[in-house]
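> What would the 3D arrangement of this be:
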Amino acid sequence: MTWAKAALASGLLVVVAAFAIGTENRLSTSVMGRTQDCGPAISASWLVSGTPDPTQPGSARTTDERRAVAACRPVVHQSRLLVVTVIGSGLLLALVGGSAIRARGDAPPRTVTPAHS
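Numbers count the residues shown, from 1 in each chain. Have a look, this model is predicted:
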């Protein structure tokens, strides 16, 4: 049962770490020789209602802003895919560990009989 507890704890730790990296890690790309900040993989608009998402095409007004958004889109999408995959893997690991712990808890207790009765 130790492996099940370790799997549960590790899975939850992976989920928290992936979420933290997805919200805090700033992405960037190069646009016409300049470094363009693309923001984090998990945008604030996903977490707080009403927050504008800088990677949406409607947020860019000038031609340069639209080019920057277009250049950032593949970088952000790739990073989001990686973050979601890692979070899903962590959840799966936690689910396996939690299921094993629960299955162990539902099993009837073992009775020990003395060898020399």
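> just the CA coordinates of the helix or strand of the chain with the lowest mean pLDDT, formatted as CSV?
Ranking every helix and strand in the chain by mean pLDDT, DSSP states H and E puts helix 44-47 at the bottom, with a mean of 77. Taking Å, rounded to 0.1, in the frame of the first residue of the first chain, the C-alpha atoms of helix 44-47 are listed here in CSV:
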residue,chain,number,x,y,z
ALA,A,44,-5.3,34.9,-16.6
SER,A,45,-8.5,34.9,-18.6
TRP,A,46,-8.9,31.2,-17.8
LEU,A,47,-8.7,31.9,-14.1
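> Which other helices and strands does that helix contact?
Packing contacts for helix 44-47, counted by 3 or more CB pairs under 8 Å, 6 or more residues apart in numbering; DSSP states H and E, involve no helix or strand. Quick note: C-beta positions are derived from backbone N, CA and C, even for glycine.
> again, 10 Å this time
Applying 3 or more CB pairs under 10 Å, 6 or more residues apart in numbering; DSSP states H and E, one finds that helix 44-47 contacts helix 2-24.
> For the helix it packs on, output the C-alpha coordinates as CSV.
Extracted in CSV, the C-alpha atoms of helix 2-24 (Å, rounded to 0.1, in the frame of the first residue of the first chain):
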residue,chain,number,x,y,z
THR,A,2,3.0,2.3,0.3
TRP,A,3,3.3,2.4,-3.5
ALA,A,4,-0.3,3.6,-3.7
LYS,A,5,0.2,6.4,-1.3
ALA,A,6,3.4,7.4,-3.2
ALA,A,7,1.5,7.3,-6.5
LEU,A,8,-1.3,9.5,-5.0
ALA,A,9,1.1,12.0,-3.5
SER,A,10,3.3,12.1,-6.6
GLY,A,11,0.3,12.5,-8.9
LEU,A,12,-1.0,15.5,-6.9
LEU,A,13,2.5,17.0,-6.8
VAL,A,14,2.8,16.7,-10.6
VAL,A,15,-0.6,18.4,-11.1
VAL,A,16,0.3,21.3,-8.8
ALA,A,17,3.8,21.7,-10.3
ALA,A,18,2.5,21.7,-13.9
PHE,A,19,-0.2,24.2,-13.1
ALA,A,20,2.4,26.5,-11.4
ILE,A,21,4.7,26.2,-14.4
GLY,A,22,1.8,26.9,-16.8
THR,A,23,0.7,30.0,-15.0
GLU,A,24,4.1,31.5,-14.1
